[in-house]
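Student: here's my sequence, what's the structure:
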Amino acid sequence: MAFEMLVGLNVVDDEVYQSYRNEMTPILKNYGGGFGYDFRISEVLKSKTDAPINRVFTIYFSNEDSMNLFFSNDEYLKIKKKYFEKSATDTTIIATYER
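Tutor: Next comes the predicted model:
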């Protein structure tokens, strides 16, 4: 069983966001995580938030504890500050679930 999230982002700088992904992925893998699906989207037809969304993806972990450890990892937080905060203005957690 795995723990997965469906996430919507508003990416404003694709190049910097890709640097974020490149740097954080090895840490993500250390926590049994990865990306399942990843889409760039041009139009949102219905949303429960006012936050803009132009990227939707799934991110998974072996369990919820691994996810929490990953998102609190000091090295990950440095990468997030360096790249993510400059490249994405909004994050929407659409769903979390076990699969």
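Student: count the neighbours of residue 56 for me.
Tutor: Other residues within reach of residue 56, judged by other CB atoms under 10 Å, total 17. Using the backbone N, CA and C atoms, a C-beta is placed for each residue, glycine as well.
Student: which residues are contacting the host helix or strand of residue 27?
Tutor: Residue 27 is part of helix 14-30, with elements assigned from DSSP states H and E. When contacts are taken as CB atoms under 8 Å, 6 or more residues apart in numbering, the neighbours of helix 14-30 outside the stretch itself are 11, 34, 55, 59, 70, 73, 75-76, 79-80, 82-84, 86-88.
Student: got a quick ChimeraX command for the buried subset of those residues?
Tutor: Selecting only the buried members of the contacts of helix 14-30 in ChimeraX, with burial defined as 16 or more other CB atoms under 10 Å, works like this:
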select :11,55,59,70,73,76,79,80,83,84,87,88
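Student: about what we covered before: the helix holding residue 27: which residues count as buried?
Tutor: Residues 16-17, 19-21, 23-24, 28 are the ones in helix 14-30 that count as buried (16+ other CB under 10 Å).
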